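Novice: Sharing a model that was predicted from the sequence below.
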Amino acid sequence: MEKKKDSFFETMSTKITCWTGSSSAFGIALAVIIIWGVTGPIFKYSDTWQLVINTGTTIITFLMVFLIQKSQNKDGKAIQLKLNELIAASRHASNRMVDIEDLTESELDVLHKYYQKLSDVTQDDDDIHHSHSIDSAKELEERKKDLRKEEGI
């Protein structure tokens, strides 16, 4: 796959995100706080002295929220694509699971219930390598119910 040239914002945000997560960035931030604290007596703990740190940290926090969210969005998309590839490559996986991140919360709750049922149905399975799907869960459960009825349980 040919890599497209990143936009200026994409390049800068990636570099800033990587740098701010580094040990040196933490060290610089810690040094700024220590210097600010040590200079308190020099500036007689004035309102301006307090305003400097409050304003600086507020601005940095505000900008970092957007950088972190962008990074999370990109990472989340990459993970979803990798999972989609694994689902598509597995002959036992349900291809209906591809792109489920676009479903509503209630639709995801329905899928969660199916998987909970699948877990309940396969709990007694002796072969841990045996693959089950959502499609087979109900069918398997029905067969087990029929067997119990036949045995009078």
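Specialist: Received, thanks.
Novice: what about stretch 19-28, average pLDDT?
Specialist: If you average the pLDDT over stretch 19-28, you get 96.
Novice: contacting residues around stretch 14-31?
Specialist: With contact meaning Cβ atoms under 8 Å, 6 or more residues apart in numbering, stretch 14-31 is reached by 6, 64, 67-68, 70-71. (C-beta placed from N, C-alpha, C; glycine too.)
Novice: Tell me how far that stretch lies from the chain's centre.
Specialist: Chain-centre distance of stretch 14-31: 22 Å, with Cα atoms, centre = their mean, to the nearest Å.
Novice: List the buried residues of that stretch.
Specialist: Within stretch 14-31, the residues that count as buried by 16 or more other Cβ atoms under 10 Å are 17, 20.
Novice: Please pick the buried ones from the contacts of stretch 14-31.
Specialist: Looks like those have residue 71 buried, using 16+ other Cβ under 10 Å.
Novice: show me what contacts the closest residue to residue 40 other than its chain neighbours?
Specialist: Spatially, and ignoring its direct neighbours in sequence, residue 40 is nearest to residue 49 (6.3 Å; Cβ to Cβ, 6 or more residues apart in numbering). Residues near residue 49 by Cβ under 8 Å, 6+ apart: 36, 39-40, 43.
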